[in-house]
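>>> model the following, please.
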Amino acid sequence: MTDQNQSICVKVVGLGAAGLRLVDKLAAIGFPAS
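Below you'll find the predicted structure:
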């Protein structure tokens, strides 16, 4: 149970980091013009 929760946490953190990187790229390009 603990191992499963840990792997889920790692996945969520990984997705969050990837999402932040994507947002950084879009912001650098100036995609959100609002």
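
>>> pLDDT score assigned to the residue nearest to the spatial centre of the chain?
Nearest residue to the geometric centre of the chain (Cα atoms, centre = their mean): Gly16, 2.1 Å. Looking at Gly16, its pLDDT reads 95.

>>> which residues in the chain form strands?
For the chain, no strands are identified by DSSP state E.

>>> could you tell me how far the residue nearest to the centre of the chain is located from Thr2?
Distance from Gly16 to Thr2, counting by Cβ to Cβ, to the nearest Å: 21 Å. For glycine as for every other residue, the C-beta is placed from the backbone atoms N, C-alpha and C.

>>> and if you look at Gly19?
For Gly19 relative to Thr2 (Cβ to Cβ), the value is 26 Å.

>>> same check, this time on Ala27
37 Å.

>>> likewise Val10?
13 Å.

>>> next one: Val23
31 Å.

>>> the more surrounded of those two?
Val23 (12 against 6; other Cβ atoms under 10 Å).

>>> give the buried residues for stretch 2-12.
The neighbour-count check on stretch 2-12 (16 or more other Cβ atoms under 10 Å) flags nothing as buried.

>>> switch to numbering from 51
Yes, from this point I'll number from 51; that puts the last item at stretch 52-62.

>>> pLDDT on it, on average?
Per-residue scores along stretch 52-62 average to 91.

>>> number of nearby residues for Asp74?
Neighbour tally, Asp74, other Cβ under 10 Å: 10.
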